[in-house]
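Student: sequence-free structure coming up:
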Ligand code: PBG
Ligand code: ZN
């Protein structure tokens, strides 16, 4: 971890999102809020070695649950309200370990309010919340789910009852509105490039700090096409970033960040 972070810092990447993959998963995802959990340890180490690196915690259960869902299961559905308590506890554990900001990605209703209240009660009044607000039930998350193991754990189960319908753009605005009202400091649209119309609408409607998540499947498509010699990786990646900015992104979460920072440092111009 310190080696990877050092490379990012040297190249000019200013902020990093942390995800944890625990050794053991259980039904209630207890690894997510363990004070000595993998991600909590990572925050402590990162802030010790790179105090100026802005560290963001992805707050969700699915990397930690044996069933791969983003919340606590009750029979065949995710129990929204029981999940809120666990998410709040997880967010506080991140802040306590040194996270500068928390980013809930679970898509439960009411989680921003629950997390905000828990952070405040525990003295983290200045820890902002970046909400994954318009998060669609997308197949573009495939490589991420393979990496964290939630793909095989989910089996034939899906997240369609809490993540959004890709065919429904209006619902994204509802979700963003709720999260801002509950106290989100920034909102996010996810996935990225196939959802730029949503990003544009969100920015036009709310004028809030809005991030775009260029997700694992999008990254994989670029990398595999480049490896096959089908595209010019550098130009297409930079075009992708520029298009996200054009559509209204104030910031972009991307696995291409190290590449992009390197190319920018070399003085690349599109
Ligand atoms: C966890 C989470 C996911 C992603 C980010 N946070 C996966 C999911 O919702 O199943 C996807 C990231 C990516 O594909 O790059 N809730
Ligand atoms: Zn999740």
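Tutor: Good, I have the coordinates. Bear in mind the structure is a predicted one, so any value in this text is a computation, not a measurement. Ligands and ions are numbered 1, 2, ... in the order given.
Student: List the buried residues for the lowest-mean-pLDDT helix or strand in the chain?
Tutor: The least trusted helix or strand in the chain, going by mean pLDDT, DSSP states H and E, turns out to be helix 150-154, with a mean of 89. Of all the residues in helix 150-154, those buried under the rule 16 or more other C-beta atoms under 10 Å are 150, 153-154. Where C-beta positions appear, they are placed from N, C-alpha and C, glycine not excepted.
Student: Between those, which sits nearest ligand 2?
Tutor: residue 150 (7.2 Å; C-beta to the ion).
Student: ok so, going back, name the residues that touch whichever helix or strand comes after the least confident helix or strand of the chain?
Tutor: Counting by DSSP states H and E, the next helix or strand C-terminal to helix 150-154 is helix 170-181. Helix 170-181 is touched from outside by 109, 112, 131, 133-136, 164-165, 187, 189, 198, 201-202, 205-206, 208, with contacts defined as C-beta atoms under 8 Å, 6 or more residues apart in numbering.
Student: now do stretch 192-210
Tutor: Residues from elsewhere that reach stretch 192-210 (C-beta under 8 Å, 6+ apart): 134, 136, 140, 169, 172-173, 176-177, 180, 184-189, 212-215, 218, 240, 243-244, 247-252, 254.
Student: how long is that stretch from one end to the other?
Tutor: 12 Å (C-alpha to C-alpha, to the nearest Å).
Student: where does residue 20 land in three-state SS?
Tutor: coil (DSSP: H, G, I helix; E, B strand; the rest coil).
Student: can you count the residues close to it?
Tutor: Counted by other C-beta atoms under 10 Å, the residues lying close to residue 20 total 21.
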